[in-house]
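Novice: Take a look and give me a structure for this.
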Amino acid sequence: MIRFVCDPNGNLVPDLKADLPGRGAWVSATKSMVGQAMERKLFAKALETKVEVSKTLDEDVGELLHRSVLGALAMANKAGVIVVGFSKVNDMIRSGNADLVLHASDAADDGIRKIGSALKAIEAAGATAEDGLPITVLFSTSDELEGVLGGMNIMHVGAKYGGATQNVIKRLTRLQDYLKEDAA
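Specialist: Just a heads-up that it's a prediction; the model follows:
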């Protein structure tokens, strides 16, 4: 669920952390449900006040969730659980230390395929999802990853197990769930 509140100027604001003051309206955390609430003007009804709703609210929420993942990724990098680059990510996977693998959306298919081979190799060795098989996601662009992680030409990112990585996974899952219905 995503909470929305009305700011002092009468504008509807997504409250992703659910900690802003005031009466809130809760909507299922999917882009299509936010879109339906916009179309049916349910925010004014739920908040019991006149409220200005952005025409791009559903897109704006998706962007906020995306930025939330990038922020968590930056914190994981500061925590020292991130490696970047094909070789380092490949080594991390093969050593069994990867908990999360991200590929830039503009990464070459060949690099993605080769890292996929490393994942298959540890699966063939008997690793299962319960053993901590890494979550692999096509995420963001290399430019965004470079901006967040402070490198150049970042196409592949690996993260080892830890609280910071779990925070990235939690936020990434929330973003994926938000966008899921639109991809179907």
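Novice: For stretch 53-64, which outside residues touch it?
Specialist: Stretch 53-64 is contacted from outside by 2, 11-12, 14, 16, 31, 34-35, 38, 41, 43-44, 175, 178-179, using Cβ atoms under 8 Å, 6 or more residues apart in numbering. Quick note: C-beta positions are derived from backbone N, CA and C, even for glycine.
Novice: what's downstream of the worst-scoring helix or strand of the chain on mean pLDDT, the next helix or strand?
Specialist: Every helix and strand in the chain was compared by mean pLDDT, DSSP states H and E; the lowest is strand 135-138, with a mean of 80. Counting by DSSP states H and E, the next helix or strand C-terminal to strand 135-138 is helix 142-149.
Novice: could you say what helices and strands that following helix packs with?
Specialist: helix 57-78, strand 82-84 (3 or more Cβ pairs under 8 Å, 6 or more residues apart in numbering; DSSP states H and E).
Novice: List the buried residues in it.
Specialist: S142, E144, L145, E146, V148, L149 (16 or more other Cβ atoms under 10 Å).
Novice: May I have that helix as PDB, with CA atoms only?
Specialist: Extracted in PDB, the C-alpha atoms of helix 142-149 (Å, rounded to 0.1, in the frame of the first residue of the first chain):
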ATOM      1  CA  SER A 142      24.700   2.700 -16.900                       C
ATOM      2  CA  ASP A 143      24.600   6.500 -16.600                       C
ATOM      3  CA  GLU A 144      22.400   6.400 -13.500                       C
ATOM      4  CA  LEU A 145      24.500   3.600 -12.000                       C
ATOM      5  CA  GLU A 146      27.600   5.600 -12.700                       C
ATOM      6  CA  GLY A 147      26.100   8.700 -10.900                       C
ATOM      7  CA  VAL A 148      25.100   6.700  -7.900                       C
ATOM      8  CA  LEU A 149      28.200   4.400  -7.600                       C
END
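Novice: Nothing else from me, thank you.
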